[in-house]
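Colleague: build me a model:
(2 chains)
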Amino acid sequence: MRDSLNRLAERAAEEGLLDVAYATTDSPFGTLLLATTRRGLVRLGLPNQDADALLVDLATRVSPRVLEAPAQLDQARRELDLYFEGKLTNFDLPLDWRLSRDFRRKVLRAIARIPYGQTRSYTQMATSAGNERAVRAAGTACGTNPLPLVVPCHRVLRSGGALGGYGGGLPMKQGLLRLEGVLDS
Amino acid sequence: MTDLPPFQTLIDEHAGDVMAVCRGAVGRGDADDCFQETFISALRAYPRLKDGGNLRGWLITIAHRKAIDHHRTRGRQPLPVAEVKEVAVEDALPDDGLWELVATLPPKQRAAVTLRYASDLPHAEIAAALGCSPEAARRSLHEGIKRLRKELA
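Modeller: Below is the predicted model:
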């Protein structure tokens, strides 16, 4: 049966029927869910997020043609592995931004440009996105980031240096900042 | 269309049933082709599906149609009887042997037997899958079983 299912995923991709391919991958923080469209990575689920609910959400918002097809996510998994080993500082993955819109998307694009090992404040992100007073909205954009890690919202902190929040839980945010050398190990 | 679950759910829950239908209907050797055709067709049509209510029945119906297509194509090839024999000889397991016998039944009987015993569908759903009345479905099933009993005796 396993062979049949692999063949099916392969053929679905060949025939252009694979609208959303997903896979899971291990990380030091737990299992991650990765989902890609033909445009690029569209969703990354953190360990504390409900993977089934994320897939249902993708089926509704992108396409119900959602299939487990790990081969489509080989590059993303490889880059994430290297990142967690501290051997990769810049992700080089095509991204599909369709799950974020308007101001939130602008904030996320600005976050995507924060270099490895550096941090910014929510205020700075609001300013980069074109509205310095929309600090709360910038926080919401981080909180609803469909592509955490790759769009490194863990590098955004409160203005005074307090950690702020994180969709994957604060221990994960601290762990990532330690990995990148921002916090002492 | 907003109510359709991720397609992977259909695979996780019903791949076994679809494979059983394919094995019963076209035999073990060609079952994977039937299985692939079924799910590719389903995947193609899936976003346009109006009613996500009976997805299992929908898949089984497609599998059944694919099996009929398979037999139609095969019907144009020479010496189909020789092929059936070859497969039957290869398979040693009694259960497989039974399904090979099922595969030799006339299409309606074969479908009725497969849908009833491999897929466990009630008569009404078999009728829906075959596009006939429940009474006709019951008759096909009965004829099919009678024939199998005779073959096995």
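
Colleague: partner residues bridging whichever residue of chain A sits closest to chain B?
Modeller: Taking Cβ to the nearest Cβ, chain B has its nearest neighbour within chain A at A:V66, 3.6 Å off. Every residue, glycine included, has its C-beta placed from N, CA and C. Beta-bridge pairing for A:V66 (DSSP bridges): A:V20.

Colleague: in chain B, what residue is nearest chain A?
Modeller: B:P6 (3.6 Å).

Colleague: so that residue makes contact with A:L58?
Modeller: Yes - counting by Cβ atoms under 8 Å, A:L58 is a contact partner of B:P6 at 6.9 Å.

Colleague: could you pick out the longest helix of chain A?
Modeller: When chain A is parsed with DSSP state H, its longest helix is helix A:2-14.

Colleague: run through who's touching it.
Modeller: Here helix A:2-14 makes contact (Cβ atoms under 8 Å, 6 or more residues apart in numbering or on different chains) with A:18, A:21, A:65, A:67-69, A:71-72, B:11, B:15, B:19, B:32, B:35-36, B:39-40, B:43.

Colleague: name the residues of chain A found near chain B, please.
Modeller: By Cβ under 8 Å from any Cβ of the partner chain, the residues of chain A that approach chain B are A:1, A:4-5, A:7-8, A:11-12, A:15, A:17, A:20, A:22, A:55-56, A:58-60, A:63-68.

Colleague: need the contact list for the residue of chain B closest to chain A.
Modeller: By Cβ under 8 Å, 6+ apart, B:P6 lies in contact with A:20, A:55-56, A:58-59, A:64, A:66-67.

Colleague: could you measure from the nearest residue to it once chain neighbours are set aside over to B:Q8?
Modeller: The shortest distance from B:P6 to any non-neighbouring residue, by Cβ to Cβ, 6 or more residues apart in numbering or on different chains, is to A:V66 (3.6 Å). The gap separating A:V66 from B:Q8 is 6 Å, by Cβ to Cβ, to the nearest Å.

Colleague: overlap of the contact sets of these two?
Modeller: Contact criterion Cβ under 8 Å, 6+ apart; residues shared by A:V66 and B:Q8: A:22, A:55.

Colleague: of these two, which one has the most company?
Modeller: Comparing A:V66 with B:Q8 by neighbour count (other Cβ atoms under 10 Å in any protein chain shown), the higher total belongs to A:V66, at 26 against 21.

Colleague: in three-state terms, label the residue sitting nearest the centre point of chain A for me.
Modeller: Among the residues of chain A, A:L147 comes closest to the average C-alpha position under Cα atoms, centre = their mean, at 2.1 Å. Following DSSP: H, G, I helix; E, B strand; the rest coil, we place A:L147 in the coil state.

Colleague: B:A31 now?
Modeller: Classification of B:A31 using three-state DSSP returns helix.

Colleague: and the average pLDDT for stretch A:20-32 is what?
Modeller: Averaged over stretch A:20-32, pLDDT sits at 97.

Colleague: ok, now stretch A:38-56?
Modeller: Here stretch A:38-56 scores 97 as its mean pLDDT.

Colleague: kindly report the same for stretch B:25-33.
Modeller: Stretch B:25-33 carries an average pLDDT of 88.

Colleague: other residues contacting that stretch?
Modeller: With Cβ under 8 Å, 6+ apart as the test, stretch B:25-33 has contacts from A:4, A:7, B:19, B:22-23, B:34, B:63-64, B:67, B:70-71, B:84, B:87, B:91, B:96, B:99-100, B:102-103, B:110-111, B:114.

Colleague: need the residues touching each of B:P6 and A:L58.
Modeller: Common contacts of B:P6 and A:L58, defined by Cβ under 8 Å, 6+ apart, comprise A:20, A:66.

Colleague: could you list the contact residues of chain B toward chain A?
Modeller: Residues of chain B found near chain A (Cβ under 8 Å from any Cβ) are B:1-2, B:4-8, B:11, B:15-16, B:19, B:32, B:35-36, B:39-40, B:43-44, B:46-47.
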